[in-house]
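J.: No letters, just coordinates:
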């Protein structure tokens, strides 16, 4: 296996399993959801060991440090060895997950049933 000193960011994101396909990784980079050392980049930008990446996937944000390079997609255990997530990032994600869980508990369980609709109608005075 040849030793690499840099690899394209879209390939690395795909190999590290942040995105399911390389084209999704390219779209995320083009869309500004990935930054290297605090700067926006293009899909052909190369990453090296020690680079700090900020990746936003939906509502979830990751701040990671590149520990190793890879351009082949392998098992998840190998993919997780390519980077380390900063403690601040882990804490932010846990807090966001907890808030989402609490919000979900207080939300109603879907549409009202027949009995609940009758109560709403009698309360609002509408027929």
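T.: Good, I have the coordinates. Given the structure is predicted, the values throughout are model-derived calculations rather than measurements. Numbering: from 1, shown residues only.
J.: which residues touch the residue nearest the centre of the chain?
T.: Among the residues of the chain, residue 57 comes closest to the average C-alpha position under C-alpha atoms, centre = their mean, at 3.1 Å. When contacts are counted by C-beta atoms under 8 Å, 6 or more residues apart in numbering, residue 57 is found next to 18-19, 28, 33. Placement of C-beta: from N, CA and C, glycine included.
J.: Any regions of this protein where pLDDT drops low?
T.: In the predicted model, the chain carries pLDDT under 70 at residues 1-3, 106-108.
J.: Determine the longest helix present in it.
T.: Among the segments of the chain that qualify as a helix by DSSP state H, the longest is helix 87-106.
J.: and that helix, what other elements does it pack with?
T.: The helices and strands touching helix 87-106, judged by 3 or more C-beta pairs under 8 Å, 6 or more residues apart in numbering; DSSP states H and E, are strand 60-66.
J.: Contacts for the strand it packs on, please.
T.: Around strand 60-66, the neighbours that count as contacts under C-beta under 8 Å, 6+ apart are 12, 18, 47-56, 82-86, 88-89, 92-93, 96.
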